[in-house]
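Trainee: sequence and computational prediction follow.
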Amino acid sequence: MSNSLFRKKSLSKIMQDAKDGVSDSHGGASLTKVLNVRDLTLMGVAAVIGAGIFSTIGQAAYNGGPGVIFLFLLTAVTCGFTALCYAEFASRVPVAGSAYTYSYVTFGELAAWIIGWALILEYSIGNIVVAISWSSYFNNVLEGMNVHLPAWLITDSSTAKAAFDHALASNLPVDQLAWSTAPLLGSWKVIMNIPACLIVVLITIVAYIGIRESKKSANAMVGLKIIVLAVVVCIGVFYINTDNWTPFLPNKFEGVLKGVSAVFFAYIGFDAISTTAEETANPQRDMPRAMIYSLIICTVIYIVVTLVITGMVNYSEFNHIADPLAYVFDKLNMQKVGYVISISAVVAATSVILVFQIGQPRIWMSMSRDGLLPKKFAKVHPKFHTPSFATIVTGFIVAIPSLFVESGIVTDLTSIGTLFAFVLVCGGVLLLPKVDKDSKKFNLPYINGMIIVPLMFAIFCYFFWDKVSDTFLNIATIDHERILFLIFLILTLAITIATMIKRFSLIPVLGMLCCLYLMIEIPVKSWLVFFCWMGFGLAVYFMYGYWKSKLAQKQV
């Protein structure tokens, strides 16, 4: 059984099928190849420049001060290493499925299933969070137009109850709050986030109708929000007070790292580009370029906007500010600009939902093609040429929870799933067989890591020596955070030794190490939930996928 758990898809067979246009879609139709490098780049920007820059950037700036730009740089470098590895895979494995398919080729079926299941969590939780954020922005826009939705239709019961209890404790009026005004259905208070659900339904319809329509919608929304961000920078730069940049790192680097989950959550969108390989006219050439282009564009935007807003308003004012860009202009009595930014935030969140709703069904489709999920998930609509059933299922999985899930749901789960996928993609590149460079449209630069990686490990231990020594000295009473740090040290040492022996390429190794470090900065409680999700996924695999796998049928 152990060998069958690591059965791999043949890289040469995948390449031949892609060349011949062979599809296992079970629906008699294939996906439409309409995307080019510009479309893919804008899709990456659409997913990355979303709720992060309009919302979570504020809390990250509060924790890290203006120096939070270093976290954007660290995250961009980490994603840059990973993007290069994705680009290498995209040039070698030009099919849908993203990290799931890449892992199937290099690590085998069990690892591929784990990654596929993690990606489902990434896209689902990510879109639920963004949908709830969208609802908040949308309601703010309606309020500015003097349109007032009932409070019980724009929130969830947990948030409503918390707001009610807080108001009572603070001797504030409660008669207009959702908990007070909600109608009763028996003994149950009817409280649900209708706007969050509706936007998911509408976006799912767009994703169902076709990739052309999705492409046009995403491109238009990207254009609008980039224009708005450019206006923010052009106006805001005249109101910068450089005194607000002092101190630049008020909480030192520890404060900067507090925003890891929020900032990394904002960056994960470029992964969605790789799910559209079969709808790209020239995936081997265009996908690597699009990943790198979108990453560079988004990093520059994040850094410039962060410097501008922390120059306009002191970082200490951003605590619990959900709309930091609008907030800084409201402080300057420029409410009209702030209102335009709120509208742009709605558009930005919409584009993120669209890209994620495009990406997730293609993961389902790829897993179904391999027999790990029922055939229905791989069905391609004969008219619209999209994975129709998988798109509908994705819509339900995101829309229904968005009605009731607490608005404060953490982004840590999404970040864990994504980082886990990134680690396997970077590691998988090291296991790919060597091919003639002339046969590919993209070549990952080879830099021998035999000397550089051990040197970097030594430097890391030097700067973190207090934490390293404290971990080993108190190993008997070690807490969960130290356990994660200890695991990171052990894995880093093992990767360093393997790099010295096998002379691994530097870029994939650095990608793995950076992702592993970011993973240990995520709270332990989120890891526990992640392991529960993985346990449920493994149960599904061993009850269905292991026996129905196409590779299992070939072994019979």
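Mentor: Okay, I see it. Keep in mind that this is a model prediction, so the values were computed, not measured. Numbers count the residues shown, from 1 in each chain.
Trainee: now do the SS call for the residue located most distally from the centre of the chain.
Mentor: The outermost residue of the chain, judged against the average C-alpha position, is Asn171 (40.4 Å), by CA atoms, centre = their mean. Asn171 falls in the coil class when you classify it by DSSP: H, G, I helix; E, B strand; the rest coil.
Trainee: per-residue confidence at it?
Mentor: On pLDDT, Asn171 comes in at 81.
Trainee: check Cys298 too.
Mentor: On the pLDDT scale, Cys298 gets 83.
Trainee: that one belongs to a helix?
Mentor: Yes - assessed with three-state DSSP, Cys298 lies in a helix.
Trainee: Thr159 versus the residue farthest from the centre of the chain, what's the distance?
Mentor: 20 Å (CB to CB, to the nearest Å). Backbone N, C-alpha and C define where each C-beta goes, glycine included.
Trainee: what is the neighbour count of the closest residue to Gly236 other than its chain neighbours?
Mentor: Spatial nearest neighbour of Gly236, excluding adjacent residues (CB to CB, 6 or more residues apart in numbering): Val308 at 4.3 Å. Applying other CB atoms under 10 Å, we find 20 other residues in the vicinity of Val308.
Trainee: again, but for Asn319
Mentor: 11.
Trainee: again with Leu184
Mentor: Counted with other CB under 10 Å, the neighbours of Leu184 add up to 8.
Trainee: tell me what it is bridged to.
Mentor: Residues in a beta bridge with Leu184, per DSSP bridges, are Lys189.
Trainee: surely it touches Val190?
Mentor: Yes - under the contact definition of CB atoms under 8 Å, Leu184 touches Val190, with a separation of 7.1 Å.
Trainee: C-terminal to the lowest-mean-pLDDT helix or strand in the chain, what's the next element?
Mentor: Ranking every helix and strand in the chain by mean pLDDT, DSSP states H and E puts helix 51 at the bottom, with a mean of 59. Toward the C-terminus, helix 51 is succeeded by helix 57-64 as the next helix or strand (DSSP states H and E).
Trainee: does Val37 really touch Gln284, like I thought?
Mentor: No - in this structure, Val37 is not within contact of Gln284 by CB under 8 Å, at 11.6 Å.
Trainee: which of these two has more neighbours?
Mentor: Gln284 (20 against 17).
Trainee: assumed that one was part of a helix.
Mentor: Yes - according to three-state DSSP, Gln284 belongs to a helix.
Trainee: find me the pLDDT at it, would you?
Mentor: 72.
Trainee: quick one: the helices in the stretch 151-300 of the chain?
Mentor: Along the stretch 151-300 of the chain, counting by DSSP state H, counting those that start in this stretch, helices occupy 157-169, 178-181, 194-209, 211-236, 252-257, 260-267, 283-312.
Trainee: any idea which of these is most buried?
Mentor: Most buried of the helices of the stretch 151-300 of the chain, by mean neighbour count (mean count of other CB atoms under 10 Å): helix 260-267, with a mean of 25.
Trainee: that one - what's its average pLDDT?
Mentor: Helix 260-267 comes out at a mean pLDDT of 67.
Trainee: how far does stretch 133-150 sit from its chain's centre?
Mentor: For stretch 133-150, the separation from the chain centroid amounts to 26 Å (computed by CA atoms, centre = their mean, to the nearest Å).
Trainee: ok, now stretch 144-152?
Mentor: 31 Å.
Trainee: buried residues in that stretch?
Mentor: Ala151, Trp152 (16 or more other CB atoms under 10 Å).
Trainee: just the CA atoms of that stretch, as PDB, please.
Mentor: Provided in PDB are the C-alpha atoms of stretch 144-152 (Å, rounded to 0.1, in the frame of the first residue of the first chain):
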ATOM      1  CA  GLY A 144     -23.500  57.200   1.900                       C
ATOM      2  CA  MET A 145     -26.400  57.200  -0.600                       C
ATOM      3  CA  ASN A 146     -28.900  57.300   2.400                       C
ATOM      4  CA  VAL A 147     -30.000  53.700   1.700                       C
ATOM      5  CA  HIS A 148     -30.200  51.800   5.000                       C
ATOM      6  CA  LEU A 149     -30.500  48.100   5.000                       C
ATOM      7  CA  PRO A 150     -32.000  46.400   8.100                       C
ATOM      8  CA  ALA A 151     -29.100  45.600  10.500                       C
ATOM      9  CA  TRP A 152     -30.100  42.000  10.800                       C
END
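Trainee: low-confidence stretches in the stretch 151-300 of the chain?
Mentor: 211-215, 259-266, 268-270, 275, 277-278 (pLDDT under 70).
Trainee: and the stretch 401-550 of the chain, by the same measure?
Mentor: 407-414, 435-442, 475-479.
Trainee: if we go to 90?
Mentor: The model of the stretch 401-550 of the chain has pLDDT under 90 over residues 401-450, 460-489, 511, 514-535, 537, 545-550.
Trainee: show me where it has its helices.
Mentor: Using DSSP H, counting those that start in this stretch, helices in the stretch 401-550 of the chain cover 412-431, 452-463, 465-473, 480-502, 506-520, 524-540, 546-548, 550-555.
Trainee: any chance of these in CSV, plus distance to Val141 and mean neighbour count?
Mentor: Below are the helices of the stretch 401-550 of the chain laid out as CSV (distance: least, CB to CB, whole Å; neighbours: other CB atoms under 10 Å):
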stretch, distance to Val141, mean neighbour count
helix 412-431, 26, 24
helix 452-463, 46, 14
helix 465-473, 46, 12
helix 480-502, 41, 16
helix 506-520, 34, 23
helix 524-540, 31, 14
helix 546-548, 47, 15
helix 550-555, 49, 12
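Trainee: does Arg7 sit in a helix, a strand or a coil?
Mentor: Relying on three-state DSSP, one would call Arg7 coil.
Trainee: give the contact list for it.
Mentor: Arg7 makes contact with Gly108, Glu109, Ser549, Leu551, Ala552, Gln555, according to CB atoms under 8 Å, 6 or more residues apart in numbering.
Trainee: residues contacting the closest residue to it other than its chain neighbours?
Mentor: Leaving out its chain neighbours, the residue that sits closest to Arg7 by CB to CB, 6+ apart is Leu551, at 4.5 Å. Contacts for Leu551 (CB under 8 Å, 6+ apart) come out as Ser4, Arg7, Lys8, Lys9, Glu109, Asp370, Gly371.
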